[in-house]
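> kindly generate the corresponding structure for this input.
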Amino acid sequence: MSDLPIRMLNDRLLVSLDGEQGERRSSAGIVIPATAVVGKRLTWGAVVAAGQHVRQVEVGDRVLFDPEDRAEVELAGATYVLLREKDVHAVAEPRGTGEGTGLYL
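This next block holds a predicted model:
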């Protein structure tokens, strides 16, 4: 997002959280309340800005990270998470294009 009034430095990432962190649904449609105790649960987010020394993540990537190891910042009325590249556990691959085996994760 080029309209953000910020330039990230070094290996820092600015991430927008995916969806609401409250209630969620299981694949069977069961509502799981936000107060349900779960083990360590990782969170998905979208990278909106990256510093010049970030090597493996690009703006627009969906990344998986630990929500306990984060710092939040508010910019232009929206809340974002500030991470270091080393705090990202995984980057989501785009879904398959229909070529090859048709399998994707």
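
> hey, let's count contacts and neighbours off CA atoms from now on
Will do.

> mind listing the strands for this structure?
Listed in chain order, the strands of the chain (DSSP state E) span 12-17, 24-25, 31-32, 43-50, 62-65, 71-75, 78-84, 88-91.

> tell me which of these sits most buried.
strand 12-17 (a mean of 22; mean count of other CA atoms under 10 Å).

> that one: how far from the chain's middle?
7 Å (CA atoms, centre = their mean, to the nearest Å).

> and that strand, which strands flank it?
Strand pairing for strand 12-17, determined by DSSP bridges: strand 43-50 (antiparallel), strand 78-84 (antiparallel).

> as CSV, the strands of the chain with distance to residue 4 and mean pLDDT would be great.
CSV is the format used below for the strands of the chain (distance: least, CA to CA, whole Å; pLDDT from 0 to 100):
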stretch, distance to residue 4, mean pLDDT
strand 12-17, 10, 93
strand 24-25, 29, 65
strand 31-32, 34, 70
strand 43-50, 9, 93
strand 62-65, 19, 94
strand 71-75, 7, 89
strand 78-84, 10, 92
strand 88-91, 22, 93
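
> what residues does the residue nearest the centre of the chain make contact with?
Geometric centre of the chain, nearest residue: residue 45, 1.7 Å, by CA atoms, centre = their mean. Residue 45 makes contacts with 15-18, 62-65, as judged by CA atoms under 8 Å, 6 or more residues apart in numbering.

> just list whatever residues bridge to it.
Beta-bridge partners, per DSSP bridges, of residue 45: residue 17, residue 63.

> alright, calling it a day.
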